[in-house]
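Chemist: using only what follows, build the 3D model:
(one chain, ligands or ions: 1)
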Amino acid sequence: MNYGTIATWRMAHDGIVAAMEQLKSGASAGDALETTVKSVEDYPYYKSVGFGGLPNAKGILEMDAAFMDGDTFQIGAVAGIVDIKNPISVARKLSHEKFNSFLIGDGATQYAIEHGFEEKEMLTDRAKKIWQNRLDDMKKHNLSPYDGHDTVGVVTLDTHGSMTAGTSSSGLFMKRPGRVGDSPLSGSGFYVDSEVGGAAATGLGEDLMKGILSYEIVRKMKEGLSPQEACDQTVYSFHDTLTKRYGKAGAFSLVAMNNTGEWGVATNVEFTFSVGNDKEESAIFIANMGENHTTVIEPITQEWLDAYEKRIKAPIE
Ligand code: GLY
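Modeler: This is a model prediction of the structure:
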(Lines give C-alpha, C1' and ligand atoms only; values in the text may rest on other atoms or scores of the structure.)
Protein backbone atom coordinates (compact mmCIF):
# COMPACT_ATOMS: atom_id res chain seq x y z
CA MET A 1 0.00 0.00 0.00
CA ASN A 2 1.09 3.58 -0.66
CA TYR A 3 1.87 5.91 2.21
CA GLY A 4 3.88 9.08 2.69
CA THR A 5 4.15 12.48 4.25
CA ILE A 6 5.60 15.86 3.33
CA ALA A 7 6.20 18.96 5.44
CA THR A 8 7.51 22.49 5.10
CA TRP A 9 11.02 23.33 6.33
CA ARG A 10 13.95 21.41 7.65
CA MET A 11 12.54 21.81 11.17
CA ALA A 12 9.89 19.16 10.39
CA HIS A 13 12.37 16.43 9.49
CA ASP A 14 12.64 14.65 12.86
CA GLY A 15 8.87 14.56 13.06
CA ILE A 16 8.61 13.26 9.49
CA VAL A 17 11.05 10.44 10.29
CA ALA A 18 8.95 9.46 13.34
CA ALA A 19 5.70 9.76 11.37
CA MET A 20 7.05 7.54 8.58
CA GLU A 21 7.79 4.80 11.13
CA GLN A 22 4.22 5.08 12.38
CA LEU A 23 2.76 5.02 8.86
CA LYS A 24 4.83 1.95 7.96
CA SER A 25 3.20 0.15 10.90
CA GLY A 26 -0.29 1.11 9.76
CA ALA A 27 -0.91 4.22 11.88
CA SER A 28 -3.61 6.66 10.78
CA ALA A 29 -2.79 9.78 8.77
CA GLY A 30 -4.20 11.83 11.66
CA ASP A 31 -1.87 10.30 14.27
CA ALA A 32 1.17 10.53 12.00
CA LEU A 33 0.48 14.16 11.15
CA GLU A 34 0.04 15.04 14.83
CA THR A 35 3.41 13.40 15.56
CA THR A 36 5.14 15.57 12.97
CA VAL A 37 3.56 18.83 14.04
CA LYS A 38 4.01 18.18 17.76
CA SER A 39 7.71 17.51 17.31
CA VAL A 40 8.08 21.00 15.81
CA GLU A 41 5.80 22.64 18.39
CA ASP A 42 7.85 21.08 21.21
CA TYR A 43 11.32 22.06 20.01
CA PRO A 44 12.51 25.27 21.70
CA TYR A 45 14.90 26.47 18.96
CA TYR A 46 12.28 26.84 16.20
CA LYS A 47 11.25 30.49 16.41
CA SER A 48 8.04 30.36 14.41
CA VAL A 49 6.05 27.44 15.85
CA GLY A 50 4.92 26.50 19.37
CA PHE A 51 7.34 26.53 22.34
CA GLY A 52 10.07 29.07 21.60
CA GLY A 53 7.99 30.86 18.95
CA LEU A 54 8.40 34.64 18.70
CA PRO A 55 5.70 36.85 20.23
CA ASN A 56 3.51 39.65 18.94
CA ALA A 57 4.17 43.38 19.34
CA LYS A 58 3.01 43.25 22.98
CA GLY A 59 5.31 40.33 23.84
CA ILE A 60 2.52 37.71 23.85
CA LEU A 61 2.97 34.46 21.93
CA GLU A 62 -0.28 33.91 20.02
CA MET A 63 -0.40 30.66 18.03
CA ASP A 64 -2.50 29.44 15.10
CA ALA A 65 -3.09 25.82 14.02
CA ALA A 66 -5.43 23.73 11.89
CA PHE A 67 -6.21 20.09 11.17
CA MET A 68 -8.18 18.66 8.25
CA ASP A 69 -9.41 15.11 7.62
CA GLY A 70 -9.41 14.39 3.89
CA ASP A 71 -11.96 11.55 4.18
CA THR A 72 -14.76 13.61 5.74
CA PHE A 73 -13.56 17.21 5.10
CA GLN A 74 -13.82 17.85 8.84
CA ILE A 75 -11.73 20.84 9.87
CA GLY A 76 -10.72 22.17 13.27
CA ALA A 77 -8.71 25.34 13.82
CA VAL A 78 -7.48 27.72 16.49
CA ALA A 79 -6.12 31.24 16.16
CA GLY A 80 -4.41 33.37 18.80
CA ILE A 81 -4.32 30.52 21.32
CA VAL A 82 -1.99 31.22 24.27
CA ASP A 83 0.08 29.00 26.57
CA ILE A 84 -1.19 25.64 25.34
CA LYS A 85 1.56 23.10 24.64
CA ASN A 86 0.22 21.62 21.39
CA PRO A 87 -2.21 23.77 19.39
CA ILE A 88 -2.35 21.09 16.65
CA SER A 89 -3.95 18.64 19.09
CA VAL A 90 -6.60 21.20 20.02
CA ALA A 91 -7.29 21.81 16.31
CA ARG A 92 -7.63 18.07 15.72
CA LYS A 93 -10.06 17.73 18.62
CA LEU A 94 -12.07 20.68 17.26
CA SER A 95 -12.31 18.96 13.87
CA HIS A 96 -14.75 16.53 15.50
CA GLU A 97 -17.12 19.31 16.57
CA LYS A 98 -20.18 19.85 14.40
CA PHE A 99 -20.38 23.49 15.52
CA ASN A 100 -17.75 25.85 16.96
CA SER A 101 -14.91 24.09 15.17
CA PHE A 102 -12.78 27.23 14.63
CA LEU A 103 -12.03 29.12 17.85
CA ILE A 104 -10.00 32.27 18.42
CA GLY A 105 -8.19 33.96 21.30
CA ASP A 106 -9.47 33.39 24.78
CA GLY A 107 -12.24 31.12 23.49
CA ALA A 108 -9.64 28.79 21.98
CA THR A 109 -7.46 28.81 25.10
CA GLN A 110 -10.45 28.20 27.39
CA TYR A 111 -11.66 25.31 25.20
CA ALA A 112 -8.22 23.71 25.40
CA ILE A 113 -8.07 24.06 29.19
CA GLU A 114 -11.63 22.74 29.64
CA HIS A 115 -10.80 19.71 27.49
CA GLY A 116 -7.65 18.86 29.43
CA PHE A 117 -4.98 19.92 26.95
CA GLU A 118 -1.63 20.59 28.59
CA GLU A 119 -1.00 24.19 29.61
CA LYS A 120 2.54 25.51 29.35
CA GLU A 121 4.27 28.87 29.40
CA MET A 122 5.24 28.93 25.72
CA LEU A 123 7.29 32.13 25.62
CA THR A 124 10.92 31.18 26.30
CA ASP A 125 13.59 33.51 27.73
CA ARG A 126 15.39 33.23 24.38
CA ALA A 127 12.29 34.34 22.44
CA LYS A 128 11.74 37.19 24.93
CA LYS A 129 15.34 38.36 24.38
CA ILE A 130 14.95 38.29 20.59
CA TRP A 131 11.74 40.31 20.94
CA GLN A 132 13.41 42.89 23.24
CA ASN A 133 16.39 43.20 20.87
CA ARG A 134 14.07 43.75 17.93
CA LEU A 135 12.17 46.46 19.84
CA ASP A 136 15.47 48.22 20.59
CA ASP A 137 16.63 47.90 16.94
CA MET A 138 13.31 49.24 15.68
CA LYS A 139 13.67 52.32 17.87
CA LYS A 140 17.28 52.88 16.81
CA HIS A 141 17.14 52.06 13.10
CA ASN A 142 13.52 52.47 12.10
CA LEU A 143 13.41 48.82 10.98
CA SER A 144 10.33 47.02 9.73
CA PRO A 145 9.11 44.94 12.66
CA TYR A 146 8.05 41.94 10.62
CA ASP A 147 10.19 38.91 10.20
CA GLY A 148 9.93 35.13 10.11
CA HIS A 149 6.86 33.17 9.23
CA ASP A 150 8.09 29.60 8.89
CA THR A 151 4.88 27.69 9.46
CA VAL A 152 4.98 23.93 9.69
CA GLY A 153 2.51 22.65 7.09
CA VAL A 154 2.05 18.91 6.62
CA VAL A 155 0.21 16.52 4.30
CA THR A 156 0.00 12.84 5.20
CA LEU A 157 -1.26 9.69 3.43
CA ASP A 158 -1.72 6.43 5.36
CA THR A 159 -1.81 2.82 4.19
CA HIS A 160 -5.62 2.83 4.36
CA GLY A 161 -5.79 5.60 1.74
CA SER A 162 -6.81 8.31 4.20
CA MET A 163 -5.18 11.71 4.04
CA THR A 164 -4.82 14.65 6.44
CA ALA A 165 -3.40 18.15 6.30
CA GLY A 166 -2.36 20.42 9.16
CA THR A 167 -0.49 23.55 10.11
CA SER A 168 0.94 25.21 13.19
CA SER A 169 2.49 28.65 13.46
CA SER A 170 3.21 31.52 15.81
CA GLY A 171 2.62 33.75 12.80
CA LEU A 172 4.43 36.91 11.91
CA PHE A 173 7.01 38.09 14.47
CA MET A 174 5.83 41.39 16.01
CA LYS A 175 2.35 41.02 14.52
CA ARG A 176 -0.41 43.19 15.91
CA PRO A 177 -2.27 41.44 18.72
CA GLY A 178 -5.16 39.56 17.10
CA ARG A 179 -3.53 39.29 13.68
CA VAL A 180 -4.22 35.91 12.04
CA GLY A 181 -2.35 34.54 9.02
CA ASP A 182 -3.20 31.88 6.47
CA SER A 183 -2.28 28.89 8.63
CA PRO A 184 -5.69 28.22 10.23
CA LEU A 185 -7.62 29.17 7.08
CA SER A 186 -8.96 26.32 4.99
CA GLY A 187 -7.89 26.58 1.35
CA SER A 188 -5.11 29.07 2.09
CA GLY A 189 -2.93 27.38 4.70
CA PHE A 190 -3.99 23.82 3.92
CA TYR A 191 -6.50 21.63 2.10
CA VAL A 192 -6.90 17.88 1.61
CA ASP A 193 -9.24 15.48 -0.15
CA SER A 194 -8.32 11.80 0.34
CA GLU A 195 -9.64 10.96 -3.14
CA VAL A 196 -7.19 13.45 -4.67
CA GLY A 197 -4.39 14.76 -2.43
CA GLY A 198 -3.50 17.66 -0.19
CA ALA A 199 -1.39 20.79 0.04
CA ALA A 200 -0.06 23.06 2.79
CA ALA A 201 1.60 26.46 2.85
CA THR A 202 4.20 28.55 4.57
CA GLY A 203 5.02 32.19 3.95
CA LEU A 204 3.46 35.59 4.27
CA GLY A 205 -0.11 34.87 5.32
CA GLU A 206 -1.49 38.17 4.05
CA ASP A 207 -0.39 37.26 0.51
CA LEU A 208 -1.14 33.52 0.67
CA MET A 209 -4.74 34.40 1.51
CA LYS A 210 -5.03 36.36 -1.69
CA GLY A 211 -4.55 33.22 -3.78
CA ILE A 212 -6.17 30.34 -1.77
CA LEU A 213 -3.17 28.41 -3.03
CA SER A 214 -3.58 25.13 -1.11
CA TYR A 215 -7.08 24.61 -2.46
CA GLU A 216 -6.01 25.58 -5.95
CA ILE A 217 -3.23 22.97 -5.94
CA VAL A 218 -5.67 20.24 -4.87
CA ARG A 219 -8.15 21.38 -7.51
CA LYS A 220 -5.47 21.09 -10.19
CA MET A 221 -4.46 17.61 -8.97
CA LYS A 222 -8.12 16.64 -9.25
CA GLU A 223 -7.98 17.70 -12.90
CA GLY A 224 -5.16 15.20 -13.40
CA LEU A 225 -2.00 17.21 -12.82
CA SER A 226 0.84 15.63 -10.84
CA PRO A 227 1.62 17.31 -7.48
CA GLN A 228 4.71 18.98 -8.99
CA GLU A 229 2.79 20.27 -12.02
CA ALA A 230 -0.02 21.51 -9.78
CA CYS A 231 2.43 23.31 -7.47
CA ASP A 232 4.41 24.88 -10.31
CA GLN A 233 1.35 26.07 -12.21
CA THR A 234 -0.39 27.44 -9.12
CA VAL A 235 2.45 29.10 -7.25
CA TYR A 236 4.35 30.75 -10.09
CA SER A 237 1.34 32.02 -11.98
CA PHE A 238 0.01 33.54 -8.75
CA HIS A 239 3.43 35.03 -7.97
CA ASP A 240 3.37 36.71 -11.40
CA THR A 241 -0.24 37.88 -11.12
CA LEU A 242 0.27 39.30 -7.65
CA THR A 243 3.46 41.08 -8.69
CA LYS A 244 1.64 42.60 -11.66
CA ARG A 245 -1.57 43.63 -9.92
CA TYR A 246 -0.46 44.33 -6.35
CA GLY A 247 3.11 45.42 -7.08
CA LYS A 248 4.91 42.72 -5.09
CA ALA A 249 4.54 39.15 -3.86
CA GLY A 250 5.59 38.14 -0.35
CA ALA A 251 7.55 34.95 0.25
CA PHE A 252 5.50 31.77 -0.08
CA SER A 253 6.17 28.05 -0.46
CA LEU A 254 3.73 25.17 -0.90
CA VAL A 255 4.07 21.40 -0.46
CA ALA A 256 1.69 18.81 -1.91
CA MET A 257 1.15 15.06 -1.97
CA ASN A 258 -1.42 13.08 -3.95
CA ASN A 259 -3.28 9.96 -2.86
CA THR A 260 -0.59 7.65 -4.25
CA GLY A 261 2.21 9.36 -2.31
CA GLU A 262 3.69 11.35 -5.21
CA TRP A 263 4.76 14.81 -4.07
CA GLY A 264 5.63 18.27 -5.32
CA VAL A 265 6.69 21.70 -4.05
CA ALA A 266 6.96 25.23 -5.41
CA THR A 267 8.39 28.36 -3.86
CA ASN A 268 9.39 31.93 -4.61
CA VAL A 269 12.21 31.90 -2.00
CA GLU A 270 14.88 29.40 -0.97
CA PHE A 271 12.91 26.73 0.83
CA THR A 272 13.68 23.47 2.63
CA PHE A 273 11.24 20.62 3.16
CA SER A 274 11.15 17.03 4.35
CA VAL A 275 9.38 14.18 2.58
CA GLY A 276 9.15 10.40 2.53
CA ASN A 277 6.91 7.76 1.03
CA ASP A 278 6.78 3.98 0.61
CA LYS A 279 9.35 4.20 -2.19
CA GLU A 280 11.70 6.92 -0.92
CA GLU A 281 13.16 7.19 2.59
CA SER A 282 12.46 10.46 4.34
CA ALA A 283 14.96 13.13 3.38
CA ILE A 284 15.45 16.88 3.45
CA PHE A 285 15.59 18.81 0.18
CA ILE A 286 16.18 22.42 -0.76
CA ALA A 287 14.03 24.07 -3.42
CA ASN A 288 14.34 27.28 -5.40
CA MET A 289 12.30 28.92 -8.10
CA GLY A 290 13.66 27.83 -11.49
CA GLU A 291 13.13 29.23 -14.99
CA ASN A 292 9.83 29.11 -16.85
CA HIS A 293 7.63 28.27 -13.88
CA THR A 294 9.63 25.28 -12.66
CA THR A 295 11.17 24.36 -9.32
CA VAL A 296 14.79 23.34 -8.80
CA ILE A 297 14.96 20.68 -6.09
CA GLU A 298 18.24 19.38 -4.67
CA PRO A 299 19.20 17.20 -1.69
CA ILE A 300 20.33 19.23 1.28
CA THR A 301 24.07 19.32 1.97
CA GLN A 302 25.72 18.55 5.29
CA GLU A 303 27.30 22.00 5.11
CA TRP A 304 23.85 23.61 4.93
CA LEU A 305 22.60 21.52 7.85
CA ASP A 306 25.62 22.38 10.01
CA ALA A 307 25.23 26.10 9.32
CA TYR A 308 21.49 25.88 10.12
CA GLU A 309 22.11 24.12 13.43
CA LYS A 310 24.67 26.75 14.38
CA ARG A 311 22.35 29.60 13.38
CA ILE A 312 19.28 28.46 15.30
CA LYS A 313 21.28 27.76 18.47
CA ALA A 314 23.52 30.84 18.34
CA PRO A 315 23.62 32.67 21.69
CA ILE A 316 21.38 35.76 21.87
CA GLU A 317 23.17 38.74 23.42
N1 GLY B 1 2.10 31.73 7.28
C2 GLY B 1 1.95 32.11 8.60
C3 GLY B 1 1.46 33.46 8.82
O4 GLY B 1 1.55 34.32 7.96
O5 GLY B 1 0.99 33.71 9.90
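
Chemist: all contacts plus neighbour counts: C-alpha atoms, from now on.
Modeler: Will do.

Chemist: which stretches of this structure form strands?
Modeler: 4-8, 63-69, 75-81, 102-104, 152-157, 163-169, 190-193, 197-203, 252-258, 263-267, 271-277, 283-289, 295-299 (DSSP state E).

Chemist: and of those strands, who's closest to Arg176?
Modeler: Each of these has some distance to Arg176 by C-alpha to C-alpha; the shortest is strand 75-81, at 11.0 Å.

Chemist: neighbouring strands of the closest one in the sheet, and parallel or not?
Modeler: strand 63-69 (antiparallel), strand 102-104 (parallel) (DSSP bridges).

Chemist: roughly how far does Val180 sit from Val265?
Modeler: Separation of Val180 from Val265 (C-alpha to C-alpha, to the nearest Å): 24 Å.

Chemist: let me fix that, I meant to ask about Met68.
Modeler: Distance from Met68 to Val265, by C-alpha to C-alpha: 20 Å.

Chemist: so Glu121 sits against Ile81, correct?
Modeler: No. With contacts counted by C-alpha atoms under 8 Å, Glu121 stays clear of Ile81, the gap being 11.9 Å.

Chemist: those two: which is more packed in?
Modeler: Using other C-alpha atoms under 10 Å, the more surrounded residue of Glu121 and Ile81 is Ile81, with 25 against 12.

Chemist: bridging residues for the more buried one?
Modeler: Met63.

Chemist: near Ile316, how many other residues are there?
Modeler: There are 9 residues near Ile316, going by other C-alpha under 10 Å.

Chemist: got the contact list for the nearest residue to Arg179 once chain neighbours are set aside?
Modeler: Spatially, and ignoring its direct neighbours in sequence, Arg179 is nearest to Gly80 (7.9 Å; C-alpha to C-alpha, 6 or more residues apart in numbering). Shown in contact with Gly80 (C-alpha atoms under 8 Å, 6 or more residues apart in numbering): 62-64, 104-106, 108, 178-180.

Chemist: circling back: need the winner for burial among the strands paired with strand 75-81.
Modeler: Ranked by mean neighbour count under mean count of other C-alpha atoms under 10 Å, the strands paired with strand 75-81 are led by strand 63-69, which reaches a mean of 31.

Chemist: done for today, thanks.
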